[in-house]
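Participant: sequence first, then the predicted structure, then my questions.
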Amino acid sequence: MTKIFKISKLELSILFYSPVAWIAIVIFMIQNGIGFFGLLGSYQEAISMGINVDNLTFSLFIDLNGLFDTVLQNLYLYIPLITMGLMSRELQSGSIKLLLSAPVKIREIILGKYLSMVGYAVILVLILVIYASAGALIIKNPDIKLILSGLVGIFLLTCTYSAIGLFMSSLTAYQVVAAISTLAVFAALKFIGSVGQGIDFVRDLTYFLSISGRADDMLKGLITTKDVLYFLIIIALFYR
């Protein structure tokens, strides 16, 4: 485990030496901040005009164009930019030979790199926690459990995207190809849920494979074993 954490720490430091990781965080903060505070201002204006807004927590965070809904719509654009160089960089530079000759297993290398992405996912979620805390302080009687459930869903989805991105990065030495391939897998996992709807067995199978809507129930406050297991299975599948 010591080797894994060392690799993870090193990879995270390399990640933040690159401007891509910082740019992604800045854009993530600005994009979601503008949307959240703009929406908050709109609801405050509506309330001051005497318009009744039911369940402000749901409207700000979960509803269409709410903070968490916006994150789900755009999250797939950020992860490939971060994961595209995890293994492709090693393959392109030839440093993978040094890693393989070191007294460390391939599984430890992959797990260490994946944990660095989990750390990056935690940073993204912490940014959302800042906005969520601001909203909770402003909203009277906020639904904290609903907010926490949404954050869990976003975190699991980010970790799942990261596992897919890491896998695709290990298949090619070209970072751009890794990023495009990752986007293609995301698109396939979203599209497959619409395949074979007229056949019961195929419909059940494609629904299980589809990633579309998996985090939606968590955003609405419903954390089910089925959805959590789906994320864990996909992570394990692409990690291996």
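Facilitator: Yep, it's here.

Participant: tell me which helix or strand the spatially most central residue of the chain sits in.
Facilitator: Using C-alpha atoms, centre = their mean, the residue of the chain that lies closest to the mean C-alpha position is residue 158, 1.8 Å off. Taking DSSP states H and E as the definition, one finds residue 158 inside helix 144-169.

Participant: three-state assignment of residue 104?
Facilitator: Three-state call for residue 104 (DSSP: H, G, I helix; E, B strand; the rest coil): coil.

Participant: isn't it right next to residue 2, touching?
Facilitator: No - using C-beta atoms under 8 Å, residue 104 makes no contact with residue 2, being 10.5 Å away. To be clear about C-beta, it is placed using only N, CA and C from the backbone, and glycine gets the same treatment.

Participant: neighbour-wise, which of the two wins?
Facilitator: For residue 104 and residue 2, the more surrounded residue by other C-beta atoms under 10 Å is residue 104, and the numbers stand at 15 against 7.

Participant: quick one: residues contacting that one.
Facilitator: 3, 7 (C-beta atoms under 8 Å, 6 or more residues apart in numbering).

Participant: phi, psi of it?
Facilitator: Backbone torsions for residue 104, taken as degrees, to the nearest 10, come to phi -140, psi 140.

Participant: same question, residue 212
Facilitator: Dihedral angles for residue 212 - degrees, to the nearest 10 - are phi -70, psi 130.

Participant: how many neighbours does it have?
Facilitator: Neighbours of residue 212 using other C-beta under 10 Å come to 14.

Participant: okay but it is in contact with residue 189, surely?
Facilitator: Yes - here residue 212 reaches residue 189: they are 7.4 Å apart, a contact under C-beta under 8 Å.

Participant: any idea how far the residue nearest to residue 83 when sequence neighbours are not counted is from residue 157?
Facilitator: Spatial nearest neighbour of residue 83, excluding adjacent residues (C-beta to C-beta, 6 or more residues apart in numbering): residue 165 at 2.8 Å. Look at residue 165 and residue 157: by C-beta to C-beta, to the nearest Å, they are 12 Å apart.

Participant: next: residue 212.
Facilitator: 11 Å.

Participant: residue 77 now?
Facilitator: Residue 77 sits 13 Å away from residue 157, taking C-beta to C-beta as the criterion.

Participant: what do you get for residue 2?
Facilitator: As for residue 2, its distance to residue 157 is 30 Å (criterion: C-beta to C-beta).

Participant: now do residue 39
Facilitator: As judged by C-beta to C-beta, residue 39 and residue 157 stand 21 Å apart.

Participant: which one of these two has more residues nearby?
Facilitator: residue 157 (22 against 19).
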